[in-house]
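Engineer: Kindly generate the corresponding structure for this input.
(one chain, ligands or ions: 1)
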Amino acid sequence: MRVLVTGGSGFIGSNVVRVLKEQGVKVFILDDFSHANFKNIFDLDCEVIWADILDENIYKKIPKVDAVIHEAAVTDTTLKDDRKMLRVNYDGFKNILNLSVKKNIKLIYASSAGIYGNGSYPMKENQKAEPLNSYAYSKYLCDVETLSLIKKRKTAPVIGLRYFNVYGPGEYHKGIASSMIYHLYLQIRKNHRPRLFKYGKQKRDFVYVRDVAEATVKALNLDKTVILNVGSGEACSFNKIVTTINGVLNKNLKPVYFDNFCQEVYQNYTHADITLLKKVLRFKPFYNLERGIKDYIEKYLSPQKS
Ligand SMILES: NC(=O)c1ccc[n+]([C@@H]2O[C@H](COP(=O)([O-])OP(=O)(O)OC[C@H]3O[C@@H](n4cnc5c(N)ncnc54)[C@H](O)[C@@H]3O)[C@@H](O)[C@H]2O)c1
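Structural biologist: Below you'll find the model as predicted:
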């Protein structure tokens, strides 16, 4: 099998490539390296196409593949440039969708739990979208486009995966946009008291990147157009993350609480309903918060590696 992974040198993309390589798949990475780390893929045997998904000329040069996994996007949710957000995330998605329709190849793409905003929970795929920022809005537009395909015409399957709050190896280049778990780990490791928005009771569905990558690759087996949540199925408080990291590092640093300066665009609670993930994809996440954090710290975040 031959698969094109856009954004394959980024955080989730590179973990997806790793799982594909473990399964003996021939992988082509399409990435403009605007927000990536070549070290994420340096040890992996795959062909790299250094290009922008917005460049329409590139589509003539893409090798023959059986499926596309589309991870490339602007991922900094705090970016204020809405035009750039929509250009890359929505127009870029449409270019990739076009490729999939023209060549009749399956497309799996990264959507986001951001779509649900501060909606009701556990969050279900069919509930009303309430995007709080242009990032979430750009992902919402991609999902609308996908859902319209179900009614419009017969195409190869398009599978949208609404990832929740992903953490794990390979996210180090993301700076402010890297996971809260990584930021808190860095503070605690340096013996700084971890900084949390008041009073650490916000809850999110943190999902380990290994589960996300496995679910994404498994979606290659699906034969219908569908949108699925990809989360752990559990919402954990920020305070619980601190306790868990303290436990793994054998420390006991108490949080310092401060005002949330971005309250209006902030998701205080995310929690994936993973009924469809289990039923349609037949996928059950392996890592709960404790197991994921332990694996992440012990295997990847030794002082030399982070
Ligand atoms: N990390 C999360 O918690 C999370 C949650 C929900 C959804 N997602 C989605 O998952 C996908 C992967 O996110 P990530 O966390 O790995 O982020 P990332 O920033 O590490 O990866 C994005 C990749 O896309 C590439 N890219 C950006 N613009 C491009 C362009 N115009 N042309 C070609 N390549 C381009 C970057 O260089 C990078 O390699 C994104 O679509 C993101 O929106 C991530």
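Engineer: Can you report phi and psi for V207?
Structural biologist: The phi and psi values for V207, taken as degrees, to the nearest 10, are phi -130, psi 130.
Engineer: What is the burial count for it?
Structural biologist: For V207, the count of nearby residues is 30 (other Cβ atoms under 10 Å). Any C-beta I mention is one placed from the backbone N, CA and C, and that applies to glycine too.
Engineer: partner residues bridging it?
Structural biologist: Note on V207: beta-bridge partners by DSSP bridges are V166.
Engineer: Show the average pLDDT along the helix or strand where T243 lies.
Structural biologist: Assigned by DSSP states H and E, T243 belongs to helix 238-249. Average pLDDT, helix 238-249: 97.
Engineer: quick one: contacts of that helix?
Structural biologist: With contact meaning Cβ atoms under 8 Å, 6 or more residues apart in numbering, helix 238-249 is reached by 180-181, 184-185, 188-189, 194, 196-197, 199-204, 206, 252-253, 255, 289-290, 293-294, 297-298.
Engineer: Stretch 259-266 too?
Structural biologist: 77-78, 132-133, 197-198.
Engineer: do the same with stretch 215-223
Structural biologist: Stretch 215-223 is contacted from outside by 1, 3, 12, 16, 19-20, 23, 67, 69, 106, 108, 110, 157, 159, 161, 228, 230, 277, 280-283, 285, using Cβ under 8 Å, 6+ apart.
Engineer: how about a cut-off of 6 Å?
Structural biologist: Contact partners of stretch 215-223, identified using Cβ atoms under 6 Å, 6 or more residues apart in numbering, comprise 16, 19-20, 67, 108, 157, 159, 230, 281, 283.
Engineer: Now it: average pLDDT?
Structural biologist: For stretch 215-223, mean pLDDT is 97.
Engineer: List the buried residues of that stretch.
Structural biologist: Of the residues in stretch 215-223, 215-217, 219-220, 222 count as buried by neighbour count, 16 or more other Cβ atoms under 10 Å.
Engineer: Stretch 246-258 now?
Structural biologist: Neighbour counts over stretch 246-258 (16+ other Cβ under 10 Å) mark 246, 248, 253, 255 as buried.
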